[in-house]
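build me a structure from this.
(chains A and B)
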Protein chains: 2
Amino acid sequence: MKRDHNRLRKQIQFILEIDKLKKIVRQSPLIDRSRKENDAEHSWHIALMAVLLIEHAEEKTIDILHVVTMLLMHDLVEIDAGDTFCYDEAGNANKLERETKAADRIFNLLPEDQAAYFRSLWDEFEAKHTAESKYAAAMDRLQPLLHNYNTEGGTWKEHQVHKDQVINRNHPIADGSTFLWEYAAGLIDNAVVKGYLEDS
Amino acid sequence: MKRDHNRLRKQIQFILEIDKLKKIVRQSPLIDRSRKENDAEHSWHIALMAVLLIEHAEEKTIDILHVVTMLLMHDLVEIDAGDTFCYDEAGNANKLERETKAADRIFNLLPEDQAAYFRSLWDEFEAKHTAESKYAAAMDRLQPLLHNYNTEGGTWKEHQVHKDQVINRNHPIADGSTFLWEYAAGLIDNAVVKGYLEDS
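Residues are numbered from 1 along each chain as shown, chains lettered A, B, ... in the order given. Down below sits the predicted model:
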């Protein structure tokens, strides 16, 4: 496929378009509490976490490149659909519809084969049936939990979130790694003791 | 290595420390020109570019996970050493010394084997002798060039950079991909025609 200028033109168009991910602000604060992080920063952080923590994955035959690629692209739909706060019930009601429309537009900027690959990766991430998507989802949940704990409550305090909501939201970490879920559950317990999170 | 709490504690400490990469501001503007990008955003962008553009790599047996991991971590030393503008001769004179000291501190937060792996990856990226590091470096140079071109001059205009400087800086893209270098050289020529970049 070398020297295919039309193909490269589409790839570059996509690369320029996804720069917008740097403007999609999430709820999670930076550890220094100076501001909220954005989707590009979050995606970078969890992709590197996935490499570092792979030894703790439940499944021992995980394709780590597959996981990392999934994490690098999993939030691209938010360029159109925006970040939906995980404890916002109204926002989550039509989230899939908004994000599917976004996937249709954004991935189709790519050459057909790559558009299909990215769409299948995103569908896999959303379905969470494979070992790769379960481990990827564990990273996506553990990172904001680390941020909230290490900012003495972060988003939990800001939105008066309760312990049972945090457990419901984060329990799927166990599907990717029981060890990391035990660690996370310990942080949640500690967060209540320290007053970072309201008991249920 | 499961259930090694001391090991996990070090990994989490590292994960929290590298959040600071989100505060290291680079020279390159976002495509919408609203602000300059930071190292975490840049690292995310080029890691995803590496996956998308791998078909254009000069070498056909590249380990893409190796490339992506290298790109995700290649700027971590800037947490201590700061971003050194590529056309700043004074800043570049002691860059290696500052960055080596940073590598010694930051990577050593990790368990010993992972610290050694990250150090070897960073050394490989700096040396640019392997196919993986040459392709990784091509991504690291192509992305700011795309940003400068697509913001009608960006950093080039801000710092009165000349065409020969941009060619010298970016010519190593050819070591990773002659096709991408041909594309980049075309952009540089066009940038002069359009007045985004001063002729030499």
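
residue A:189 and chain B, how far apart?
Distance check for residue A:189 against chain B: by C-beta to the nearest C-beta, to the nearest Å, it reads 15 Å. Quick note: C-beta positions are derived from backbone N, CA and C, even for glycine.

phi and psi next, for residue A:162.
When read as degrees, to the nearest 10, the backbone of residue A:162 gives phi -100, psi 160.

if you drop the residues flanking it in sequence, what lies closest to residue A:33?
residue A:151 (5.2 Å; C-beta to C-beta, 6 or more residues apart in numbering or on different chains).

can you tell me the helix or strand for the residue nearest to the spatial centre of chain A?
By C-alpha atoms, centre = their mean, the mean C-alpha position of chain A lies nearest to residue A:140, the distance being 3.8 Å. If you go by DSSP states H and E, residue A:140 is part of helix A:131-149.

next, the buried residues of stretch A:83-91.
A:83, A:84, A:86, A:87 (16 or more other C-beta atoms under 10 Å in any protein chain shown).

export those residues to JSON lines and append columns for pLDDT.
Shown next, in JSON lines, are the buried residues of stretch A:83-91 (pLDDT from 0 to 100):
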{"residue": "A:83", "pLDDT": "88"}
{"residue": "A:84", "pLDDT": "84"}
{"residue": "A:86", "pLDDT": "83"}
{"residue": "A:87", "pLDDT": "81"}
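
now, among those residues, which is nearest to chain B?
residue A:83 (15.4 Å; C-beta to the nearest C-beta).

quick check on residue A:28: phi, psi?
phi -70, psi 130.

the helices in chain A, which residues?
A:5-17, A:39-52, A:64-73, A:78-81, A:89-93, A:95-107, A:112-127, A:131-149, A:154-158, A:163-170, A:173-176, A:178-193 (DSSP state H).

pick the most deeply packed of those.
helix A:39-52 (a mean of 26; mean count of other C-beta atoms under 10 Å in any protein chain shown).

distance from it to the middle of the chain?
Remark: helix A:39-52 is offset 9 Å from the chain centroid, using C-alpha atoms, centre = their mean, to the nearest Å.

quick one: least confident helix or strand in chain A?
When the helices and strands of chain A are scored by mean pLDDT, DSSP states H and E, helix A:89-93 comes last with a mean of 81.

would you single out the least confident of the helices of chain A?
With a mean of 81, helix A:89-93 has the lowest mean pLDDT of those.

and that helix, how far from the chain's centre?
Computed by C-alpha atoms, centre = their mean, the chain-centroid distance of helix A:89-93 equals 17 Å.

swap in stretch A:25-42?
Here the centre of stretch A:25-42 is set off from its chain's centre by 13 Å, with C-alpha atoms, centre = their mean.

residues in contact with stretch A:148-155?
A:27-29, A:31, A:33, A:85, A:144, A:147, A:156, A:161, A:187, A:190-191, A:194-197, B:16 (C-beta atoms under 8 Å, 6 or more residues apart in numbering or on different chains).

name the residue of chain A that lies nearest to chain B.
Proximity of chain A to chain B (C-beta to the nearest C-beta) peaks at residue A:44, 3.7 Å away.

any residue of stretch A:10-19 up close to chain B?
Yes: Stretch A:10-19 comes into contact with chain B (C-beta under 8 Å from any C-beta of the partner chain), by way of A:11, A:12, A:14, A:15, A:16, A:18, A:19.

which residues touch the first one?
Residue A:11 makes contact with A:110, A:111, A:114, B:52, B:53 under the criterion C-beta under 8 Å, 6+ apart.

same check, this time on the last one
Residues touching residue A:19, when contacts are defined by C-beta under 8 Å, 6+ apart, comprise B:30, B:31, B:32, B:45, B:147.

how does it look with 10 Å?
A:40, A:79, B:29-32, B:37, B:41, B:45, B:143, B:146-147, B:150 (C-beta atoms under 10 Å, 6 or more residues apart in numbering or on different chains).

residue A:8 against residue B:187, yeah?
No: applying C-beta atoms under 10 Å, one finds residue A:8 not in contact with residue B:187, separated by 11.7 Å.

just to revisit the earlier point, distance of the residue of chain A closest to chain B relative to residue B:147?
Using C-beta to C-beta, to the nearest Å, residue A:44 is found at 17 Å from residue B:147.

now swap in residue A:163 and tell me
In this structure, residue A:163 and residue B:147 are 44 Å apart, going by C-beta to C-beta.

figure out how far stretch A:149-161 is from the centre of its chain.
So, by C-alpha atoms, centre = their mean, the centroid of stretch A:149-161 is 18 Å from its chain's centroid.

let me redo that: stretch A:73-81
The chain centroid and the centroid of stretch A:73-81 are separated by 10 Å, computed with C-alpha atoms, centre = their mean.

touching chain B at all, that stretch?
Yes: interface with chain B: stretch A:73-81 contributes A:73, A:75, A:76 (C-beta under 10 Å from any C-beta of the partner chain).

mind listing what the residue nearest to the second one when sequence neighbours are not counted touches?
To tie it back to what came earlier, the one meant is residue A:75. Spatial nearest neighbour of residue A:75, chain neighbours left out: residue A:39 (4.4 Å); criterion: C-beta to C-beta, 6+ apart. Residue A:39 sits next to A:18, A:20-26, A:74-79, A:82-83, B:41, B:44 when contact means C-beta under 10 Å, 6+ apart.

narrow those residues to those that are buried.
Among the contacts of residue A:39, those buried by neighbour count (16+ other C-beta under 10 Å) are A:18, A:20-24, A:26, A:74-79, A:82-83, B:41, B:44.

so which of the residues you listed belong to strands?
With DSSP state E as the criterion, strands contain residue A:26 from among the buried ones among the contacts of residue A:39.

quick check: phi and psi at residue A:53.
Dihedral angles for residue A:53 - degrees, to the nearest 10 - are phi -110, psi 10.

how near is it to residue B:7?
Distance, residue A:53 to residue B:7, using C-beta to C-beta: 10 Å.

and the end-to-end length of stretch A:43-60?
23 Å (C-alpha to C-alpha, to the nearest Å).

equivalent analysis for stretch A:192-200, please.
End-to-end span of stretch A:192-200 (C-alpha to C-alpha): 9 Å.

any bit of stretch A:192-200 sitting next to chain B?
No: between stretch A:192-200 and chain B, judged by C-beta under 10 Å from any C-beta, nothing touches; the nearest distance is 15.2 Å.
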